[in-house]
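>>> I'll drop the sequence and a predicted model, then ask my questions.
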Amino acid sequence: MADLRNFQARAATAGARADTSIDEGLRAYMIRVYNLMAMGLAITGVAAWGFFNLATTGDPTAGVAQVREGLYLTQLGATVWTSALRWVLMLAPLGLVFFLSFRVHKMSVPAAQTTFWIYAALVGLSLSTVFLVFTTESIVRVFFITAATFGALSLWGYTTKRDLTGMGTFMFMGLIGIIVASVVNIFLASSALQFAISAGGVLVFAGLTAYDTQNIKEMYYEGDGEVVQGRQAIMGALRLYLDFINLFMFLLHFLGNRE
């Protein structure tokens, strides 16, 4: 009996140590995901603000076209934003994100991470026009609102015991509807439809933030090697990055002050 009790005690101790090891590994993995996402957002912000300052000027003698009172396009801004290059700038991030999604499992971790940084920079360039439409103060305010909302939703997705698979499927269907409605509204230019799209977008990406966080957490497996975990962390960061950017843009349409 004493041997049996000793064996049970050793087994319980070993199980507790294994659980602790998994918890520590999962925590390190999720921190890596969040750090990569945060770095991607920082690159996007710097690229957007930097390109906006290169593409515009307050000096009328140095500008080639006026975009609003006191602000003019430089030759670079006119070349990029008023020509076919603007479509290249808009579509390049889409092509790169598909490339990364389909090729990440064959790429080295440094190559995949570099591709993610390049993608984040291209997104920043394509989003630089928001500074033409919205005031800088409102952009900063909405960013912090988005960060707080994202953080709360991601924390809930990480800690909840509820299976969010069904919600994720529903949100994906909603995302398809938003994409279709956005394409239709290009031709209709309806402000009411745009309001509905923005409202739906906030709800969809709020739900996807929680779902993706839970899904990324469940993808963690202690037995995976460093390369596999590195690739998974990059793809997890990409998913959360996209949730954050889209949530930010839809909230900006609600809460941003236009120039």
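Arrived safely.
>>> quick one, strands of this structure?
Per DSSP state E, the chain carries strands over the ranges 56-57, 65-68, 71-73.
>>> who wins for proximity to Ile186 among those?
In terms of Cβ to Cβ, the element of the strands of the chain nearest to Ile186 is strand 65-68, at 21.6 Å. The way it works is simple: take the backbone N, C-alpha and C, and place the C-beta from them, glycine included.
>>> same for that closest one, what does it pack against?
strand 71-73 (3 or more Cβ pairs under 8 Å, 6 or more residues apart in numbering; DSSP states H and E).
>>> list the buried residues of the strand it packs on.
Within strand 71-73, the residues that count as buried by 16 or more other Cβ atoms under 10 Å are 71-73.
>>> pLDDT averaged over it - what is it?
Mean per-residue pLDDT for strand 71-73: 92.
>>> could you do stretch 53-65 as well?
90.
>>> dump that stretch to CSV, restricted to CA.
Output in CSV follows, covering the C-alpha atoms of stretch 53-65 (Å, rounded to 0.1, in the frame of the first residue of the first chain):
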residue,chain,number,x,y,z
ASN,A,53,4.8,63.5,-44.6
LEU,A,54,6.8,62.7,-47.7
ALA,A,55,3.7,62.9,-49.9
THR,A,56,2.3,66.2,-48.6
THR,A,57,3.6,69.6,-47.7
GLY,A,58,2.2,72.8,-46.1
ASP,A,59,4.3,74.9,-48.5
PRO,A,60,2.3,75.9,-51.5
THR,A,61,5.4,76.7,-53.5
ALA,A,62,6.6,73.2,-53.0
GLY,A,63,3.3,71.5,-53.7
VAL,A,64,1.9,70.5,-57.1
ALA,A,65,-1.8,70.1,-56.1
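>>> what are the buried residues along that stretch?
Those would be 55-57, 63, for stretch 53-65 by 16+ other Cβ under 10 Å.
>>> which one of the residues you listed is nearest Asp163?
Nearest to Asp163 among the buried residues of stretch 53-65, with distances taken as Cβ to Cβ, is Ala55, at 46.6 Å.
>>> contacting residues around that closest one?
73-74, 76-77, 80-81, 128 (Cβ atoms under 8 Å, 6 or more residues apart in numbering).
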